[in-house]
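1. this one's sequence-less:
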């Protein structure tokens with residue numbers, strides 16, 4: 001049988017432990033939220049496919065950015081009525097892939113010397129652009145553009161926009177992962193649009 005003294009001692013010990021726990025609470029270790037980057041390179045179906053192949057990218061969402069109308073729809077964006085570009089929101093783990101590496105993937109999946117169009121898609125809504133979120137992202141983007149210019153790869157000027165990110169509006173659900181959900185239609189579009197052929201002519205074989 002436990003004596004009253006033992007019970008008192010046990011109670012005091014538990015109170016002391018409770019006090020210590022209050023001073024040193026347990027810290028829940030949570031995974032850091034992924035960083036996000038925004039790019040436009042013509043058809044967002046194709047840009048989604050391109051970025052999802054990059055190791056360290058955790059998610060890619062098709063959507064719209066750079067316009068003047070709130071909550072744009074595909075019907076209005078594709079008609080060039082809102083000023084938005086088809087864009088992608090790239091979520092990534094900075095411990096696995098850096099912003100400059102994302103830029104490299106971006107450049108090699110766009111035609112940077114054609115303005116207001118990408119491949120068979122024409123209009124300002126299909127312009128190529130990097131939407132930077134911070135001054136550091138802006139600096140890195142401008143440096144990557146300058147490096148391409150200095151390489152003399154292209155005889156024409158690079159016209160890809162480098163602009164401050166604005167509100168990103170996710171596109172309609174049927175556009176998300178389109179290349180996975182509609183592979184036959186997607187492959188036909190991509191081939192007939194001449195995207196792969198033009199990219200190879202610009203950048204060489206991947």
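-> That came through, no problem. Owing to the predicted nature of the structure, the values given are computational and were not obtained by experimental measurement.

2. residue 186 contacts residue 43, doesn't it?
-> No. Contact criterion Cβ atoms under 8 Å: residue 186 and residue 43 do not qualify, at 9.5 Å. To be clear about C-beta, it is placed using only N, CA and C from the backbone, and glycine gets the same treatment.

3. and those two? Which one has more around it.
-> Ranked by neighbour count (other Cβ atoms under 10 Å), residue 186 and residue 43 place residue 43 first, with 23 against 17.

4. what's the nearest residue to that one if we skip its chain neighbours?
-> residue 121 (5.9 Å; Cβ to Cβ, 6 or more residues apart in numbering).

5. and the gap between that neighbour and residue 114?
-> Residue 121 sits 10 Å away from residue 114, going by Cβ to Cβ, to the nearest Å.

6. ok, now residue 44?
-> Note on residue 44: its distance to residue 114, by Cβ to Cβ, is 17 Å.

7. the two - which one has more neighbours?
-> residue 44 (26 against 19).

8. and the nearest residue to that one once chain neighbours are set aside, what helix or strand is that in?
-> With sequence-adjacent residues excluded and distances taken as Cβ to Cβ, 6+ apart, residue 44 is closest to residue 62, at 3.9 Å. Following DSSP states H and E, one finds residue 62 within strand 57-65.

9. host element of the most centrally placed residue in the chain?
-> Computing the C-alpha centroid of the chain and ranking residues by Cα atoms, centre = their mean puts residue 90 first, at 1.6 Å. Here residue 90 is covered by strand 85-92, with elements defined by DSSP H and E.

10. so that strand versus strand 57-65, what angle?
-> In terms of direction (axes from the mean of the first three to the mean of the last three Cα atoms, to 10 degrees), strand 85-92 departs from strand 57-65 by 160 degrees.

11. on contacts alone, who are the packing partners of strand 85-92?
-> Applying 3 or more Cβ pairs under 8 Å, 6 or more residues apart in numbering; DSSP states H and E, one finds that strand 85-92 contacts strand 35-41, helix 44-52, strand 57-65, strand 128-132.

12. next helix or strand past it?
-> Next along the chain from strand 85-92, counting by DSSP H and E, comes helix 99-107.

13. list the helices and strands that next one packs on?
-> Secondary elements touching helix 99-107 (3+ Cβ pairs under 8 Å, 6+ apart): strand 35-41, helix 44-52, helix 135-150.

14. partners of the shortest one in the sheet?
-> Applying DSSP bridges to the sheet, strand 35-41 is found paired with strand 85-92 (antiparallel), strand 128-132 (antiparallel).

15. mind checking which of the ones you listed is nearest residue 190?
-> strand 85-92 (14.4 Å; Cβ to Cβ).
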